[in-house]
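>>> what shape does this take:
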Amino acid sequence: MKTLTFAIGAATVMGSFAALAAPAVAQDPYPGAKVAIPVYADTVSSSRGDVRLSRVCTQTNFFPRKARVVFRSWALDSKTGKPLTQLEIKYAYVKIPGQPNLKLNWGAHGTAPNRVSFWSAAWAIPADYPLGVVPFRIVFKAEDGRFGTYLQPPIEGAQLTVTP
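Numbers count the residues shown, from 1 in each chain. Take a look at the predicted model:
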């Protein structure tokens, strides 16, 4: 009986070692699978609107009602690494719940030598828009049919938020 118990114990231990030695399941490398059109976006304050913030053209994600949010975005061709302009994009827009889509426009911003081109759209927050996080998304469709989408990371305090 001792021999049988020893044999079962040894088999269990050997099975455990075999499981540890088995190759791990393959995973995509960080940040994950390659996307057709990577998209970056942020929001900045505007010099226009019924409510003006103290600093304009400054990155922020907290806006009071009646202020104007400017969405800025860049889309890249994952094949070439080059920015996609109005020549390669069929359409680009910001989708805000309960609001009409905002068309993103390509253009140069700033003054030389700091002039840079990017996609942008402005949104005047309605006086009755709900307070809290605005779960917007940005969508690009290239002329060749590829898509790129931006969704805010779900990090508390880092999302577009309407304040009183």
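>>> where do the helices sit along this protein?
Assigned by DSSP state H, the helices in the chain fall at 2-21.
>>> just the strands in it please.
39-45, 62-64, 68-75, 89-95, 102-103, 105-109, 116-124, 132-133, 137-142, 147-151, 161-163 (DSSP state E).
>>> who does the longest one pair up with?
Same thing as strand 116-124. strand 68-75 (antiparallel), strand 105-109 (antiparallel) (DSSP bridges).
>>> low-scoring pLDDT stretches of the protein, where are they?
1-33 (pLDDT under 70).
>>> what do you get if the cut-off is 90, keeping everything else the same?
By pLDDT under 90, the low-scoring segments of the chain are 1-36, 47-57, 78-81, 110-112, 156-157.
>>> let me have the strands paired with strand 116-124 in a markdown table, adding distance to Y150 and mean neighbour count as columns.
(Glycine included, C-beta is placed from N, CA and C.) Shown next, in a markdown table, are the strands paired with strand 116-124 (distance: least, Cβ to Cβ, whole Å; neighbours: other Cβ atoms under 10 Å):
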| stretch | distance to Y150 | mean neighbour count |
| --- | --- | --- |
| strand 68-75 | 7 | 21 |
| strand 105-109 | 16 | 13 |
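>>> right, and these - which one's nearest G148?
Across the strands paired with strand 116-124, G148 has its closest neighbour in strand 68-75 (5.2 Å, Cβ to Cβ).
>>> now the closest one - C-alpha only, CSV.
Output of strand 68-75 as CSV, limited to C-alpha atoms (Å, rounded to 0.1, in the frame of the first residue of the first chain):
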residue,chain,number,x,y,z
ARG,A,68,-17.2,75.5,-25.7
VAL,A,69,-15.2,72.3,-25.9
VAL,A,70,-12.7,71.9,-28.8
PHE,A,71,-12.0,68.3,-29.8
ARG,A,72,-8.6,67.8,-31.4
SER,A,73,-7.6,64.6,-33.0
TRP,A,74,-4.9,63.0,-35.1
ALA,A,75,-5.3,59.8,-37.1
